[in-house]
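> Structure, please.
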Amino acid sequence: MALSYFPNASRVGSPQPSVESSSKHLTEGVQEIYVEHKNRLLNALDSTTSILGDLRKFNKDHWVVRYPQLSEQPTAEASSSSRRKSMRRSLSFPDDPSFEADVIVGPARAGLTRSVTLATIADKEEDPSAEGDDDGDRLVSPAEASDFHVFRLDLTLGAHGSSSSPAALVAQLEKSSIANLLDDRILNAVGHLDKLRSRVKDTSSKVLVTGDLNAGKSTFVNALLGRDIMPVDQQPCTTAFCEVHDASENDGKEELHIVKEGVTYSVADESTFTRASLSDLDAIVSENENDSQILKVYLADPRDPQASLLSNGIVDISLIDAPGLNRDNTHTTRVFARQEEIDVVVFVVSAENHFTLSAKEFLMNASHEKAYVFIVVNKYEQIRDKAKCRRLVLEQIKQLSPRTYEDAEDLVHFVDSQHALSEKPASFINLESSLRSFVLVKRSKSKLAPASTYLTKLLSDVDLLVGANAIVAQTELDRAQNDLQRVRPVLKKMEGGRDILEESLESVEDLGATRTRMRTKELLSDAVDRVGQGKLGIEDSSISLPPYHGLLGIWDYVREVRNVLLLSLDAAVRLAEDEARSVTSGAVNKITQLGDEHLPEGVERSRRVFMPEAMFSFRSDKKGNRRSRRASGTVVAGGIYGLGIGLAQRPDMLDTTFFDLFDVHHQFWVHFGESKTESKDEMAVSTLGFASVGLGALTMVGGKALGARGLFEGVVRVWDLMENETARKWAAPVLGAVTIGLATYFVLELPSTVPRTVGRRIKATLAREGEELGEGASFVGAHSARVSRETRKVLRLASWDLKERFRAAMEEHGREVHGAEETERRAQKALDWFHEVQRRAGEVRESVVLVSAA
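Numbers count the residues shown, from 1 in each chain. Coordinates of the predicted model:
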């Protein structure tokens, strides 16, 4: 069905006015409407250029614009007859194979409006009444609605569109790489928009006549001109682009201008061309058969403006006779490139051959911009089965250019140009009338529609691109908000509990160190007191006092007693260490519980395993080698003063003296000094002690109270007594009794007296060293500090490990929150920007639709 230039004419029922009946009125009306549509289209081109510029800038500075791929879902189409479900697609991105979402693609309708919506949202918003909508107003098929027209990228190795290409680049390409490819395609589109703007602003119209070899293009041009101008031969002869202009553009002169290669042609600048006669055209073309030239042919058409295409009185027309498409690749490529600057394409196809592969490729390429192509089926009169020829050609046109097929009555003509040279039949007259109407009267369709078609397809690509990226932005926004809802409370909890954790760790550390110090001090003080009483420092089944072997082994006995008492003190130290290990183990468990309480889920717990037996066991030597103190046999605590574990190995503590048997000084102070106020246990004195004290007292009293004279007198008296016979008789029994008594006392009392004596001396030695070196270096103080220090070191290491994990977890969650906030801000900005672009594109599309409707 033919499309009227006046869109409302068919509705009001008035016939479309003809050019012949009201030429002046029609010309003025056409020009006014054309100028209005042209200005609207120029504004749309400028707005679209601005949108693409902003898109490139946004792609470079703020958001890596992703290139979407939409694949069909056959199962969804087969399971439902719903039109909306038939457009369900799977959205993915070649640079991110992990991303996949079900979307609903809104098919392209008037203005190529397309929408991409998540399937879950689209199903909720689906209007059941829309299922019965007619698809006749779609500009592209549903299959094409899910692909790009202008922004299409070939991301596979092999032929374009090949589904069985040997490999794909998508796994290797980064997002930025694909974004750069997309940016290049957008830049090309911007360049093409500039060309379209120049074409729309151009007051003239360029009509390209092209087709396959020997289709009769030159013959058709001659028939249009009514003169034999273009070279005609049964063999391919046209290798140049022959542009035919009205002679009025060349001061009314009919001549040929041969454009010089590499310069921009200007009719006013003779340096850009070489003049020649029209009669030389045949020879010039024949002599330069293999050269690609541009020839400007200026003709004067004496026919009435209503019958002439060149001299029409409305607009300047240039008729371009192009080389055949399938002559060679070079010429075909030049024709393809030339069609981008053409307003109207007149495609000449032979009725004998129909559309060849090169013809189909050309029309498919031209359809990206030109929805309407004027098709001439030449040599039609030579066909015997004309109905079959017409049917087959129209079926091919329906596939290659649907819009042309819809307007086939005006745009597709079956003629014989050779017969029209001598006498124009009605079919050719109808062709001329339709071509004049298409080029002159329907200029909005012939000149503006190609730019409008390209622009609407470009805006459709923008819709698809920003719609898919809006889904990505929304997905990232939702993910960022979910991450913030998950991580931000954890971070706030950690920030609020950091001080509590540090205080708790410090409390556990101080409490553990204090408990071990106090317990060690209590154990060792009690052990020293017990040793001072002649008892073992602790009850240990492996340690006991040695047996007494008699007076002859008294010195060995004293030495063994001293060694056992010192060993009991060492055992007390080991017991204190064992209890410190137990306390430390409990404190470490408490630190572990604090970690479980304060560390968030997902944070790796410490893999350190506390080994209590490792405490107090190893030290590093100067070379950094670890040595076991127990393995060395001697472990000294208390620094350089030699106090602590290993008392039984200290030579100065093992030395045995006479005072280990007779502690004269102690007994004296017990009976005569301030020590009498002590407890009964401390005042218990043996017979041997009395004897020694008595002898000492006698010596002291005899020496100081009686003096030398008294002593001399006493000796004289004893001597006189011994001269008495009776006294001599009793002397021997008395001495024997004394000797037996002393021996009895030595045997019975000495085993129990020596441990107490040795113990008192050990205690006194340790006390004296404490007084000399200070409380901190004493036996009890040094070990208490050492055990406490070892406990604090272990707990501090465990606390440090927990603090580091807590700090690292806080930093990680902080980075995660910061990253999620940045992603949220960036995604929200991108989402708003994409919606704004969709709004701007919609406004531009409305103006383009108005132009397309003309």
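> can you give me how far stretch 818-827 is from the chain middle?
12 Å (Cα atoms, centre = their mean, to the nearest Å).
> so how far is Thr516 from Arg574?
Arg574 sits 14 Å away from Thr516, taking Cβ to Cβ, to the nearest Å as the criterion. Placement of C-beta: from N, CA and C, glycine included.
> which of those two has more neighbours?
Thr516 (28 against 14; other Cβ atoms under 10 Å).
> so what's that one scoring on pLDDT?
Per-residue pLDDT puts Thr516 at 94.
> close enough to count as contact, it and Glu577?
No. Applying Cβ atoms under 8 Å as the test, Thr516 and Glu577 come out as separate, 9.1 Å apart.
> Name the residues contacting each of those two.
Val787 (Cβ atoms under 8 Å, 6 or more residues apart in numbering).
> Val373 is in contact with Asp407, correct?
No. Using Cβ under 8 Å, Asp407 is not in contact with Val373; the gap is 10.1 Å.
> higher neighbour count, those two?
Taking other Cβ under 10 Å, Asp407 and Val373 do not tie; Val373 has more neighbours (22 against 19).
> now for the longest helix seen in the chain, which elements pack on it?
For the chain, the longest helix by residue count, based on DSSP state H, is helix 449-532. Packing partners of helix 449-532 (3 or more Cβ pairs under 8 Å, 6 or more residues apart in numbering; DSSP states H and E): helix 23-61, strand 88-93, strand 96-106, strand 115-118, helix 175-201, helix 554-598, helix 725-773, helix 779-852.
> Any idea how far that helix is from the middle of the chain?
The answer for helix 449-532 is 18 Å, by Cα atoms, centre = their mean.
> and what of stretch 212-223?
Distance of stretch 212-223 from its chain centroid, counting by Cα atoms, centre = their mean, is 61 Å.
> can you tell me the distance between the two ends of that stretch?
Using Cα to Cα, to the nearest Å, the end-to-end distance of stretch 212-223 comes out at 18 Å.
> Out of the helices and strands packed on helix 449-532, which gets nearest to Ile314?
Ile314 lies closest to helix 23-61 among the helices and strands packed on helix 449-532, at 5.8 Å (Cβ to Cβ).
> Need the mean per-residue confidence for that closest one.
pLDDT averaged over helix 23-61 gives 82.
> Please identify the buried residues of it?
26-27, 30, 34, 37-38, 40-42, 44-45, 47-49, 51-52, 55-56, 58-59 (16 or more other Cβ atoms under 10 Å).
> Next secondary structure after it?
Where DSSP states H and E defines the elements, the next helix or strand beyond helix 23-61 is strand 69-72.
> Name the strands paired with that next one and say parallel or antiparallel.
strand 88-93 (antiparallel) (DSSP bridges).
> Can you check what angle separates the partner strand from helix 449-532?
60 degrees (axes from the mean of the first three to the mean of the last three Cα atoms, to 10 degrees).
> How far off centre is strand 88-93?
22 Å.
> repeat for stretch 539-549
Distance, centroid of stretch 539-549 to centroid of chain: 74 Å (Cα atoms, centre = their mean).
> Specify the angle between the longest helix of the chain and strand 96-106 in degrees.
Here the directions of helix 449-532 and strand 96-106 differ by 140 degrees (the same axes, to 10 degrees).
> Cheers, nothing more for now.
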